[in-house]
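> sequence and predicted structure below; questions after.
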Amino acid sequence: MSTLSLFGRVALLAVFLAAICGCIGTGPTLPPVQLKVTTRVITEEERRAETAPAPAAPAVGIEQHEKKFVVVVNGAKSKEYDRIGKPGQGDGWDIVIPPPLYDGEISYSPNRKRVAYIAKRGEKWLAVVDGKEEKEYDDVSYLQFSPDSKGVAYCAVRNGKGFVVVNGKETETGMVKGLEFSPDSKRIAYVALENRKEAVVLDGIKGKGYDYVDFRYHPGDEKLVFSPDSKRLAYMAVSGKKMFMVIDGVESDEYDSIGNGLAFSPDSKRVAYVAIRDKKMMVVVDGTEGPKYDGILGVYFSQDSKKIMYAAIRGRKWYIVIDGVEVRQFPYDVKASSWPKFVFSPNAQRYACVAQAKGKKQMVIVDGVKSVEYDGVCNGDIGVAWSPDSRHVAYWALRDRKWRIVVDGTESEFEGVNPISGVWFESPTRIKARAFKEGVGEIYMDIEVDES
């Protein structure tokens, strides 16, 4: 029996079983393809165009003048301060110098054009934004830029009173535990503390008080979660011994705990999160509880917001679950910590992910079908690339110290080539990639997918 025939029968069987279980859509599945690869050296003009530098962040340094500190931004020196920064309060790139010299962070705006930091002078704290000092307070924390880089906000305390300061304007709030900008930078939410209760304040309107409201303690670990369109807000709250989600001000059912994985759909109309009750985990989608498992990792919506996928474990087996239905015929015995982000195809009818097999091997799972094992798989942050028509999936893979481009399971192996970029589709049947070839330099790789 030929290799082609064997692959075709296995693929056909996998799709047939998956279709029976209702776990994948009816997207087209093609037989193994033929790959026609051509390469050419990248010209100096192309290299300069593709590697045009992004806007440079300001050059920032810290100088010590005896027991005082000075921040230097693009050569301009600040006033002297007793301390620069507060641990864990920045929201940008870090400049870290071991204590006692300096133990804090400098915050850069998302567009890398602005700089802000918290400084201490005597017994007072203040924010310094773009080299300009703002008011002094007894404490300043949670300094951050808005996503559009135009706004700056932080929490402050003066004479026992709490404030939120946005673009220099104070709002008395009582004591505050952190704050969060919406994606469109037009809204702000924070957790206010009053009478031993914690309440979320959104656009200046205070919500119900709870025993505890979960909030981030490090940049990127958001607990007050805005929807992509900035119109909705979700967070976890505790009352007594029970936890629940509060979505648009409405409380969910109570649970023993709420796990990681809160996600809004791309269109902002749907929301999902992981909940725990009686030592079992479940994904709750739009208020409806899914099947119970011993563990759940990752909750991902498709690009059209209609499907949701996650990995779940029952006993010692892992399953891929789509819209609450298990891919029962394909349990995977892989490391729990290694499940990455799933990637739906553009039409949301197919899926792929890179998974860690036993040992140090990796494999790609497409529509429930495992690839052969590789020493490594890479293609940018998401691991694989889908064709615009959802018919093909491609990625770089490493085996026996040789890189290859894999398209629908068909490999094209290269000698002396190392990837510089992930592969990408220019059209449904044409793939490009950048690589470095020994003795040649940087090259473009043009790959034609022959479906005949």
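Thanks, I have it.
> does Glu45 belong to a helix, a strand or coil?
Following DSSP: H, G, I helix; E, B strand; the rest coil, Glu45 is assigned to helix.
> any idea how many residues pack against it?
Neighbourhood size, Glu45 [other Cβ atoms under 10 Å]: 8. (Each C-beta comes from the backbone N, C-alpha and C, glycine too.)
> report pLDDT for it.
For Glu45, the model assigns a pLDDT of 70.
> poorly predicted segments of the protein, please.
1-32, 37, 39, 41-44, 46-56, 86-105, 215-222, 327-341, 381-382 (pLDDT under 70).
> so which bits of stretch 380-398 are buried?
382-387, 390-398 (16 or more other Cβ atoms under 10 Å).
> what's the answer for stretch 312-321, then?
Those would be 312-313, 318-321, for stretch 312-321 by 16+ other Cβ under 10 Å.
> also stretch 245-260?
Counting neighbours by 16+ other Cβ under 10 Å, stretch 245-260 gives 245-247, 252, 255, 258-259 as buried.
> which one of the buried residues of stretch 380-398 is nearest Phe344?
In terms of Cβ to Cβ, no member of those lies closer to Phe344 than Trp386, at 8.2 Å.
> so what's the closest one bridging to?
Trp386 forms beta bridges with Val393, as assigned by DSSP bridges.
> numbering from 23 from now on, please.
In the new count, where the first residue is 23, that last one comes out as Trp408.
> that one reaches Tyr373, doesn't it?
No - the pair Trp408 / Tyr373 is not scored as a contact, 9.5 Å apart, by Cβ atoms under 8 Å.
> overlap of the contact sets of these two?
Here Trp408 and Tyr373 have 365, 367 as joint contacts, going by Cβ atoms under 8 Å, 6 or more residues apart in numbering.
> coming back round to it: which two from the buried residues of stretch 402-420 end up farthest apart in space?
Ser412 and Leu420 (26.0 Å).
> please report how far Asp392 lies from Cys375.
Quick fix: residue 392 reads Lys, not Asp. For Lys392, the distance to Cys375 equals 11 Å [Cβ to Cβ, to the nearest Å].
> need the overlap of contacts for those two.
Val386.
> these two - which one has more neighbours?
The neighbour comparison of Lys392 against Cys375 (other Cβ under 10 Å) goes to Cys375, with 22 against 16.
> okay, helices next: where are they in the chain?
25-43, 66-72 (DSSP state H).
> how many other residues sit next to Gly444?
Per other Cβ under 10 Å, the neighbour tally for Gly444 reads 18.
> that one contacts Trp408, correct?
No - using Cβ under 8 Å, Gly444 is not in contact with Trp408, being 11.9 Å away.
> in contact with Tyr295, which residues?
Tyr295 neighbours (Cβ under 8 Å, 6+ apart): 256, 267, 280-281, 283-285, 305-306, 321.
> what's opposite it in the beta bridge?
With beta bridges defined as DSSP bridges, Tyr295 has these partners: Val306.
> returning to that earlier point: inside strands: which ones of the buried residues of stretch 334-343?
Applying DSSP state E to the buried residues of stretch 334-343, the entries found in strands are 334-335, 340-343.
> list just the nearest of the residues you listed to Lys382.
Nearest to Lys382 among those: Trp340, at 18.1 Å, using Cβ to Cβ.
> what are the bridge partners for the closest one, then?
Under the criterion used here (DSSP bridges), Trp340 is bridged to Ile335, Tyr354.
> that one contacts Glu348, correct?
No - if you go by Cβ under 8 Å, Trp340 and Glu348 don't touch, sitting 10.3 Å apart.
> shared neighbours of these two, anything?
Listed as contacting both Trp340 and Glu348 by Cβ under 8 Å, 6+ apart are Ala334.
> neighbouring strands for the longest strand out of those in the chain, and are they parallel or not?
Assignment by DSSP E gives strand 463-472 as the longest strand of the chain. Sheet pairing of strand 463-472 (DSSP bridges) gives strand 56-63 (antiparallel), strand 452-459 (antiparallel).
> so which bits of that strand are buried?
464-467, 469, 471.
> same deal with stretch 282-290?
Of the residues in stretch 282-290, 283-287, 290 count as buried by neighbour count, 16+ other Cβ under 10 Å.
> which of those residues fall within strands?
Of the buried residues of stretch 282-290, the ones assigned to strands by DSSP E are 285-286.
> could I get the buried residues of stretch 282-290 as TSV with distance to Val399?
Formatted as TSV, the buried residues of stretch 282-290 follow (distance: Cβ to Cβ, whole Å):
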residue	distance to Val399
Gly283	24
Leu284	28
Ala285	24
Phe286	29
Ser287	27
Ser290	32
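> closest to Pro450 among the buried residues of stretch 282-290?
Using Cβ to Cβ, Ser287 comes nearest to Pro450 of the buried residues of stretch 282-290, at 26.1 Å.
> which residues touch the nearest residue to that closest one once chain neighbours are set aside?
Leaving aside its sequence neighbours, Ser287 sits nearest to Ser327 (Cβ to Cβ, 6 or more residues apart in numbering; 3.8 Å). By Cβ under 8 Å, 6+ apart, the contact set of Ser327 is 287-289, 291-292.
> which residues in the stretch 23-172 of the chain form strands?
Applying DSSP state E, counting those that start in this stretch to the stretch 23-172 of the chain gives strands spanning 56-63, 82-87, 90-95, 98-99, 105-106, 129-130, 137-143, 146-151, 154-159, 161-167.
> so which of these is the most packed in?
Mean neighbour count (mean count of other Cβ atoms under 10 Å) peaks for strand 129-130 among the strands of the stretch 23-172 of the chain, with a mean of 24.
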